[in-house]
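Undergrad: The following comprises the amino acid sequence and a computationally predicted model.
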Amino acid sequence: MDSGEKLYLWQADDWPKWRHDLSALTGPLTEVSRAQGVLLGRLTDVGMALRDQASLAALTEDVVKTSAIEGEVLNVESVRSSIARRLGVDIGAVAPVDRHVEGVVEMVLDATSSASSPLTAERLFGWHAALFPTGYSGMSRISIGQWRNDSDGPMQVVSGPVGLRKVHYQAPPAEVLPVETAKFLSWANEETGEPALVKAGLAHLWFVTLHPFDDGNGRIARAVGDLFLARADGSPQRFYSLSAQIQRDRKDYYDVLERTQKATLEVTGWLSWFLAALGRAITSAQGTVDAVLVKARFWQRWAGTPLNERQVKLLNRLLDGFEGKLTSSKWAAIAKCSPDTALRDITQLLEQGVLKRSPGGGRSTGYELKGQ
């Protein structure tokens with residue numbers, strides 16, 4: 001940018017005095033609060049075990065999707081196993097977990113289950129270190145657990161191939177970060193008068209505008225937002241995932257973020273988008289609750305039926321939404337057993353009435369849950 005040009009909102013003379021039209025946000029705030037009430041009301045009536053399962057599903061989605069936004073694919077079963085172990089939720093057989101999965105899980109759980117604890121620089125440094133346990137981002141060594149130093153130039157958000165890069169945003173220079181992050185953290189831990197959901201939206205925007213780390217800023221910004229959403233809910237348990245909704249609305253998210261960061265400190269537009277996305281996340285969570293209840297009813301129905309570990313594993317895969325057609329060869333591959341053993345497992349479930357053959361022909365027979 002040219003010297004003296006004020007292209008980004010952090011360069012405004014009155015930075016960081018955020019402004020918004022609360023009257024314009026009253027409708028969205030009311031709608032989101034109503035949706036939260038309906039969701040939490042449903043969960044009040046299902047018992048602790050099912051609430052734990054619903055929370056496990058939401059947290060698993062949150063961890064997987066906050067990484068997917070950055071182009072990182074995490075193993076869903078590993079994430080689920082890591083969260084279940086930490087929450088003390090029994091999910092039967094567990095999957096192996098690598099330290100990268102553990103790091104993202106640690107950050108998300110600390111943000112949500114300890115939301116009432118102060119947000120400090122040391123806590124943010126811990127999250128950053130958890131995200132990058134090897135000290136590398138891809139092939140590049142980065143500074144871990146400390147603010148960036150801009151040794152390789154200004155922090156920019158760019159897209160496009162080398163030589164044709166487009167700069168979408170440039171963050172404040174490294175030398176101002178100690179002062180700027182102190183302002184943010186002071187605001188984060190004080191009672192500042194905004195509605196709790198508005199504060200969550202501002203916290204997400206403020207942190208991602210500072211972009212204080214060499215890498216991981218997006219994931220940490222979403223964790224910061226989740227911390228404030230947990231404070232707004234007044235509950236350490238999570239039943240919806242804003243990160244999953246941002247992943248679904250990824251292009252719109254980046255577009256509104258870029259417009260906001262190149263405008264003024266009047267951020268009603270950003271907050272309107274944030275609240276609308278939050279409302280969609282809560283609506284989507286109703287489907288997650290439905291799936292948890294279906295799964296619970298299924299296992300209640302077949303509680304007295306003798307099943308081996310392979311059968312339990314594959315039935316859970318079907319209940320979680322198996323993609324494509326489940327064949328005996330896929331059964332053998334997933335259960336790590338011989339084709340003959342897979343066919344015996346399936347035949348037994350057909351005889352018991354747990355499974356049925358899928359309609360339609362094809363080169364191989366498919367199987368699905370009976371009554372699904």
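TA: In hand now; what should we look at?
Undergrad: Output the below-cut-off pLDDT ranges for the chain.
TA: Applying pLDDT under 70 to the chain picks out residues 1-5, 92-94, 361-363, 372.
Undergrad: what comes up buried for the lengthiest helix in the chain?
TA: Counting residues, the longest helix found in the chain (DSSP state H) is helix 268-301. Neighbour-count burial for helix 268-301 flags 270-282, 284-285, 288-289, 291-292, 295-296, 298 (criterion: 16 or more other Cβ atoms under 10 Å). All C-beta atoms are positioned from the backbone trio N, CA, C, and that covers glycine.
Undergrad: any idea which helix or strand comes after it?
TA: Once the chain leaves helix 268-301, the next helix or strand it forms, by DSSP states H and E, is helix 309-319.
Undergrad: so what does that following helix touch, helix or strand wise?
TA: With contacts taken as 3 or more Cβ pairs under 8 Å, 6 or more residues apart in numbering; DSSP states H and E, helix 309-319 sits against helix 268-301, helix 328-335, helix 339-352, strand 367-369.
Undergrad: So what sits opposite residue 166 in the bridge?
TA: Beta-bridge pairing of residue 166 under DSSP bridges involves residue 159.
Undergrad: How many residues are close by it?
TA: If you count neighbours by other Cβ atoms under 10 Å, residue 166 ends up with 9.
Undergrad: where exactly do the strands run in the stretch 51-200 of the chain?
TA: When secondary structure is read from DSSP state E, counting those that start in this stretch, the stretch 51-200 of the chain shows strands at 136-137, 140-141, 156-159, 166-170.
Undergrad: Nearest to residue 339, out of the ones you listed?
TA: Of all the strands of the stretch 51-200 of the chain, the one in closest proximity to residue 339, counting by Cβ to Cβ, is strand 136-137 (41.6 Å).
Undergrad: give the contact list for residue 366.
TA: Residue 366 is in contact with 325, 326, 327, 357, 358, 360, counting by Cβ atoms under 8 Å, 6 or more residues apart in numbering.
Undergrad: My read is that the first one contacts residue 359, right?
TA: Translated: residue 325. No - using Cβ atoms under 8 Å, residue 325 makes no contact with residue 359, being 10.8 Å away.
Undergrad: the more surrounded of these two?
TA: Legend: neighbour count by other Cβ under 10 Å for residue 325 and residue 359, higher for residue 325 (14 against 7).
Undergrad: Distance of that one relative to residue 223?
TA: Distance, residue 325 to residue 223, by Cβ to Cβ, to the nearest Å: 38 Å.
Undergrad: Correct me if wrong, but residue 356 is in a helix.
TA: No - counting by DSSP: H, G, I helix; E, B strand; the rest coil, residue 356 falls outside a helix, being strand.
Undergrad: Grab the nearest non-local neighbour of it.
TA: residue 370 (4.5 Å; Cβ to Cβ, 6 or more residues apart in numbering).
Undergrad: List phi and psi for that neighbour.
TA: With angles defined as degrees, to the nearest 10, residue 370 sits at phi -70, psi 130.
Undergrad: Burial check on residue 30, number of neighbours?
TA: 11.
Undergrad: no, scratch that, I was asking about residue 227
TA: 25.
Undergrad: Make sure it is actually in contact with residue 118.
TA: No - here residue 227 does not reach residue 118: they are 10.4 Å apart, not a contact under Cβ under 8 Å.
Undergrad: if I look at the closest residue to residue 117 other than its chain neighbours, how far off is residue 109?
TA: Distances taken as Cβ to Cβ, 6+ apart put residue 123 closest to residue 117, at 7.5 Å, once the chain neighbours are dropped. Residue 123 is 13 Å from residue 109, where distance means Cβ to Cβ.
Undergrad: Looking only at neighbour counts, state which of those two leads.
TA: residue 109 (20 against 17).
Undergrad: how about the helices and strands packed on helix 309-319, which one is nearest residue 169?
TA: helix 268-301 (13.6 Å).
Undergrad: and that closest one, what other elements does it pack with?
TA: Counting by 3+ Cβ pairs under 8 Å, 6+ apart, helix 268-301 packs on helix 22-44, helix 48-68, helix 196-210, helix 242-248, helix 250-261, helix 309-319.
Undergrad: so who does residue 268 touch?
TA: Residues in contact with residue 268 (Cβ under 8 Å, 6+ apart) are 19, 20, 21, 24, 25.
Undergrad: What ranges does the stretch 101-250 of the chain have for its helices?
TA: 121-131, 177-188, 196-210, 217-233, 242-248, 250-261 (DSSP state H, counting those that start in this stretch).
Undergrad: Show me what the fifth one is packed up against.
TA: It stands for helix 242-248. Packing partners of helix 242-248 (3+ Cβ pairs under 8 Å, 6+ apart): helix 48-68, helix 217-233, helix 268-301.
Undergrad: how does it look with 6 Å?
TA: helix 48-68, helix 268-301 (3 or more Cβ pairs under 6 Å, 6 or more residues apart in numbering; DSSP states H and E).
Undergrad: between those, which one is nearest to residue 13?
TA: Across the helices and strands packed on helix 242-248, closest to residue 13 is helix 268-301 (Cβ to Cβ), at 19.8 Å.
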